[in-house]
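[1] Build the 3D model from these lines:
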Amino acid sequence: MRLGEAIEIARRYRSHARPQAAWSFEDLPTVIDALTDRGSATVAVVLVLDRDGALTEALPMAHPHRSRVFQRSISRKLGEPWPAFVARAGVEAKALPGELRQEFEDAVNELALPAPHQIWYRLTWNSEPEWERNRGLNLIELERGNPGDPRVGRDANGVRYLFHHDHNDTTLGRHLFDHAEQLCADLERVRGPLIEFVRAQQDHAKPTLEAFTLRDTGEPAFEVTAYLRNADASGYWAVRLEDFAPVECGLVSAIPG
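    Numbering: from 1, shown residues only. All right, here's what the predicted structure looks like:
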């Protein structure tokens, strides 16, 4: 099946003002193969509820004013060539609808499902230019979360990036992740002043950069703190950054999770 033919059999709907396409469980493997054949990576699968022709990704729960989204995503590994990512995503994506269906069935007693209803599955796919535009610089590999809801990531040098935010806004979450990607891109420029800043506080210090925390507090600028291991003693130097430059520091016993 060609992708154009796959689009023809899709259920079309809009989510967050964007056109979307969803397929039946049985059609998904063929559609994913069509995407893989054209060099596109399948990067997300979302379960969609059909309520008498109205499609929604936010499934209503029995608790008033609450809903639940069933979704899975696939991330590109650091340094992974695009053809290798496309091939891997094509294999992994075929397993995700079954995982989502099982998760849905396990939670069915917590949901307020209309009768009758039908389940579809939305796919998100990217070409390589789309991935670079939509997913950032690909410098940080997320171990938990996704670019719209980042939690824990690590770069190629082993430096960790710990994200903190108290909202479900994927646009704001993406801004936070992009900020971390830019920090990572500038890391060689940032690392030297960080180390010198700590050494100015303690003679003969031998600090080693281990992590950054990035916190969205609702202010225009994010709070960014670097954590450098104190080689000569227990604990870490916590260095607050402004515009990626160190402004103040102190000793802490551990890196906040």
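
[2] so the residue lying farthest from the centre of the chain, which of the three states?
    Computed with Cα atoms, centre = their mean, the residue of the chain farthest from its C-alpha average is residue 203, at 40.1 Å. Secondary structure assignment for residue 203 (DSSP: H, G, I helix; E, B strand; the rest coil): coil.

[3] For it, give its distance to residue 241.
    For residue 203, the distance to residue 241 equals 23 Å [Cβ to Cβ, to the nearest Å]. Any C-beta I mention is one placed from the backbone N, CA and C, and that applies to glycine too.

[4] Then residue 208?
    Taken as Cβ to Cβ, the span from residue 208 to residue 241 is 17 Å.

[5] The two - which one has more neighbours?
    Applying other Cβ atoms under 10 Å to residue 208 and residue 241 shows that residue 241 carries more neighbours, namely 22 against 12.

[6] May I have the beta-bridge partners of residue 242?
    For residue 242, the beta-bridge partners are residue 245 (DSSP bridges).

[7] can you pull out the strands in the stretch 151-257 of the chain?
    Ranges of strands in the stretch 151-257 of the chain, per DSSP state E, counting those that start in this stretch, are 160-164, 207-215, 223-230, 236-242, 245-252.

[8] and these, which one is worst for confidence?
    Lowest mean pLDDT within the strands of the stretch 151-257 of the chain: strand 245-252, a mean of 90.

[9] neighbours around the spatially closest residue to residue 112 that is not a sequence neighbour, how many?
    The shortest distance from residue 112 to any non-neighbouring residue, by Cβ to Cβ, 6 or more residues apart in numbering, is to residue 60 (4.5 Å). Other residues lying near residue 60 total 17 when counted by other Cβ under 10 Å.

[10] where in the protein is pLDDT low?
    Scanning the chain for pLDDT under 70 picks out 3, 15-17, 65, 135, 232-233.

[11] and the longest helix for it?
    For the chain, the longest helix by residue count, based on DSSP state H, is helix 82-106.

[12] what's the spacing between that one and its chain's center?
    Distance, stretch centre to chain centre, for helix 82-106: 16 Å (Cα atoms, centre = their mean, to the nearest Å).

[13] Stretch 46-56 now?
    Offset of stretch 46-56 from its chain centre (Cα atoms, centre = their mean): 24 Å.

[14] Mind listing what's buried along that stretch?
    Buried residues in stretch 46-56, defined by neighbour count with 16 or more other Cβ atoms under 10 Å: 46-50, 55.

[15] got it, and stretch 216-232?
    216, 222, 224-230.

[16] Over to stretch 178-197?
    Applying 16+ other Cβ under 10 Å to stretch 178-197 flags 179-181, 183-184, 187, 190, 194-195, 197 as buried.

[17] And for stretch 164-173?
    164-165, 173.
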